[in-house]
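*Asks:* Predicted coordinates and the sequence they were generated for:
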Amino acid sequence: MSTNSSGPLKVAVTGAAGQIGYSLLFRIASGAIAGDRPVELRLLEIEPALKALEGVVMELDDCAFPNLAGIEIGSDPEKIFDGANLALLVGARPRGPGMERGDLLSANGAIFTAQGQALNKVAADDVRIGVTGNPANTNALIAASNAPDIPKERFSALTRLDHNRAISQLAAKTGAKVTDIKKMTIWGNHSATQYPDIFHAEIAGRNAAEVVGDQAWIADTFIPTVAKRGAAIIDARGASSAASAASATCDAARDWLNGTPEGDWVSMAVVSDGSYGVQEGLVSSFPVTTRDGNWEIVQGLEIDEFSRGKIDASVAELADEKNAVTELGLI
Ligand SMILES: NC(=O)C1=CN([C@@H]2O[C@H](COP(=O)(O)OP(=O)(O)OC[C@H]3O[C@@H](n4cnc5c(N)ncnc54)[C@H](O)[C@@H]3O)[C@@H](O)[C@H]2O)C=CC1
Ligand SMILES: O=C([O-])CC(=O)C(=O)O
């Protein structure tokens, strides 16, 4: 699959009247994912939010986007996901002050069960599904488990925001341009246990950890700043990150469909095949390259003791989440 195929790319977005939706839809409509290929937006919301969504659609109309080929809205996932080539599952209950992701598991489990089942029935044969709604990794696992006819490789959870945050922090520390930073990796869960790894990253071709040359900064400043950025934004804004999450959702989908550039990779949470000792079947973030809508985990990276401990801790949290949703009967 790529965005070069003919006909509009049918992009379904859930939670379309929410905060992220308000930024995401306009980015998609202006070509952030499909470039010049026309897109058809298929927008899912719960019934009480449909009126607000109608207002957003009026605004989309008012932009007169040249490549926006159509908009459909509704509250029935089987209608909205019909024929979707790309489904961006954003709609979920966001975390408020003081809440941890674990609190969200059961609240959101029901949503991703029903949406997985609907995608299984009506999505296009080439569908790719990106999960942004938290807890994103485990929501992706739930949706995939409820869509037995869709290959598990077609589901991915968003860790691109963490990846982008890590690049930005590293650029600020070293004075490098973000475009000079390659091969950043986020491992594990999209949560505070995630491990942003710069030991394989490069800054203008040089090893990033060597350029930084300050293990204390990596361990005590960089990693916690990236891992806790979501909470810092909630504290500052009184609401969780939205425009940056929308931007990362576009980046992730664009690169998934169109491929990663030579000499670089991205972070995506995908179903583990056991690579790097990550328990098979968990949806965990890895360094991946993509091509024609398919991804491959980058192999052969050396993992030292420090990194091993960080990866294992985040994967243990994912295994706990999986156990919790198994007990709830969601997978
Ligand atoms: N993975 C990531 O990097 C990030 C994930 N997030 C997560 O994204 C999600 C959305 O965030 P916001 O847009 O800020 O939340 P929001 O509350 O502003 O919007 C969520 C929307 O989803 C809708 N919704 C709820 N249940 C639905 C269902 N069954 N079907 C369709 N729509 C449904 C709600 O009506 C609401 O309009 C949250 O779970 C948030 O935690 C946020 C930032 C980053
Ligand atoms: O932390 C949150 O709840 C929102 C989020 O996922 C992020 O900003 O990374």
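*Replies:* Perfect, thanks for sending it. Residues are numbered from 1 along each chain as shown. Ligands and ions are numbered 1, 2, ... in the order given.
*Asks:* From now on I want contacts and neighbour counts done on CA atoms only, so please keep to that.
*Replies:* Noted.
*Asks:* Tell me where the chain has helices.
*Replies:* Secondary structure of the chain by DSSP state H: the helices cover 19-29, 50-62, 77-80, 104-122, 136-145, 160-174, 208-212, 215-217, 223-227, 229-237, 243-258, 305-327.
*Asks:* Could you single out the most deeply buried of the ones you listed?
*Replies:* Highest mean neighbour count of these: helix 136-145, a mean of 28 (counted as mean count of other CA atoms under 10 Å).
*Asks:* Name the nearest residue to Leu328, sequence neighbours excluded.
*Replies:* Ser106 (7.6 Å; CA to CA, 6 or more residues apart in numbering).
*Asks:* Hmm, Thr326 and that neighbour touching each other?
*Replies:* No: with contact defined as CA atoms under 8 Å, Ser106 and Thr326 do not form a contacting pair (10.9 Å).
*Asks:* Quick one: residues contacting the residue nearest the centre of the chain.
*Replies:* The centre of the chain sits closest to Leu158, judged by CA atoms, centre = their mean, with a distance of 1.4 Å. Each residue near Leu158 by CA atoms under 8 Å, 6 or more residues apart in numbering is listed here: 130-132, 136-137, 190, 248-249, 252, 268-269.
*Asks:* related to what we said a few turns ago, next, work out how far apart the residue nearest to Leu328 and Gly329 are.
*Replies:* According to CA to CA, to the nearest Å, Ser106 stands 10 Å off from Gly329.
*Asks:* give the contact list for the closest residue to ligand 2 within the stretch 101-250 of the chain.
*Replies:* Nearest residue of the stretch 101-250 of the chain to ligand 2, counting by CA to the nearest ligand atom: Gly230, 3.3 Å away. Each residue near Gly230 by CA under 8 Å, 6+ apart is listed here: 240-241.
*Asks:* Need the pLDDT of it.
*Replies:* Among the per-residue scores, Gly230 shows a pLDDT of 96.
*Asks:* going forward can the numbers begin at 526, since that is how I track them
*Replies:* Sure, I'll start numbering at 526, so the last one becomes Gly755.
*Asks:* how much space between it and ligand 1?
*Replies:* The gap separating Gly755 from ligand 1 is 7 Å, by CA to the nearest ligand atom, to the nearest Å.
*Asks:* again, but for Val803
*Replies:* 20 Å.
*Asks:* ok, now which ones touch that residue?
*Replies:* So Val803 contacts 797, 809, 837, 840 (CA under 8 Å, 6+ apart).
*Asks:* what's the most distant pair in the residues you listed?
*Replies:* Maximum pairwise distance among the contacts of Val803 (CA to CA): 13.4 Å, between Ser797 and Asp837.
*Asks:* circling back to that earlier point, do you know which of the helices of the chain lies nearest Leu569?
*Replies:* helix 602-605 (6.2 Å).
*Asks:* Just name whatever secondary elements the closest one is in contact with.
*Replies:* strand 564-569, strand 593-599, helix 629-647 (3 or more CA pairs under 8 Å, 6 or more residues apart in numbering; DSSP states H and E).
*Asks:* Next, format those as a markdown table and append mean pLDDT and distance to ligand 1.
*Replies:* Shown next, in a markdown table, are the helices and strands packed on helix 602-605 (pLDDT from 0 to 100; distance: least, CA to the nearest ligand atom, whole Å):
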| stretch | mean pLDDT | distance to ligand 1 |
| --- | --- | --- |
| strand 564-569 | 98 | 5 |
| strand 593-599 | 98 | 9 |
| helix 629-647 | 92 | 5 |
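*Asks:* Would you mind listing what in the protein touches ligand 2?
*Replies:* For the chain, the contact set with ligand 2 under CA under 6 Å from any ligand atom comprises 620, 755-756, 765-766.
*Asks:* chain center to stretch 599-613, what's the gap?
*Replies:* 18 Å (CA atoms, centre = their mean, to the nearest Å).
*Asks:* what comes up buried for it?
*Replies:* 599-600, 602-613 (16 or more other CA atoms under 10 Å).
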